[in-house]
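Novice: Take a look and give me a structure for this.
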Amino acid sequence: DEYGLQQNAVPEVNEVVAKYQRAKVTGDAELMYRVFGKQPDDEMTMLQEKLSEESKAYESYDHTVCYTTPGCEEDSYLVFIASDLKFSGIDTAAPMLTWAYIYKGKDGNYYMTEPDKLKDNQKELLTEVSSSEDVKMLDNDMRTRLAQAVINDAKLATYLSGKLTYANLVPGKLTANFAI
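Specialist: Numbers count the residues shown, from 1 in each chain. Model prediction:
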């Protein structure tokens, strides 16, 4: 594939993704701010309330695999994240494919970029790589696994029917993206 997606090839990227997932599961707004390289501010209290509420739904992210391709800038990466998301009180995990744009900050640490803060060239790269054969195959695999999980677990089907809209399930559109 022309983008050469590498599986779990960049430890710093894997670490940022793991921190993001930990912040979601534990409802930790301060950690989430660090993931995105943000300084604590007045909005952090609102984020803390939102994350605390959301974290009740999330039990764990399991079997996470990060597929990276170089980003537009030096030491930046577009990463596609395959995970099994386990919801509280539901036996079957939901396979999900998400994406994030991760870059090395001036301080030497790696951070996620908020989706609405992507630059035009980063958006173009996301569009191009998302339509590559590698990502299409990965997305199709995750969708097939998700469909099987939903068929096998009525509780999961009911839960997701309230969370996912038809637009999320249109082929060619990734399941989700990472955001605060």
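
Novice: For stretch 79-96, which residues meet the burial criterion?
Specialist: By neighbour count, with 16 or more other Cβ atoms under 10 Å as the criterion, the buried positions of stretch 79-96 are 79-87, 90, 92-96. In this view, the C-beta of every residue, glycine as well, is placed from N, C-alpha and C.

Novice: out of those residues, what pair is the most spread apart?
Specialist: The span of these, defined through Cβ to Cβ, is set by Val79 and Ile90 at 26.3 Å.

Novice: For Leu31, give me its contacts.
Specialist: Residues in contact with Leu31 (Cβ atoms under 8 Å, 6 or more residues apart in numbering) are 19, 22-23.

Novice: how about 6 Å then?
Specialist: Ala23 (Cβ atoms under 6 Å, 6 or more residues apart in numbering).

Novice: Make sure it is indeed in a strand.
Specialist: No: per DSSP: H, G, I helix; E, B strand; the rest coil, Leu31 lies outside any strand segment and is helix.

Novice: what about it, distance to Lys19?
Specialist: To Lys19, Leu31 is 6 Å away according to Cβ to Cβ, to the nearest Å.

Novice: ditto for Met46
Specialist: 20 Å.

Novice: higher neighbour count, those two?
Specialist: Higher neighbour count among Met46 and Lys19: Lys19, with 18 against 10, using other Cβ atoms under 10 Å.

Novice: Look up which helix or strand that one falls in, please.
Specialist: Using DSSP states H and E, Lys19 maps to helix 11-26.
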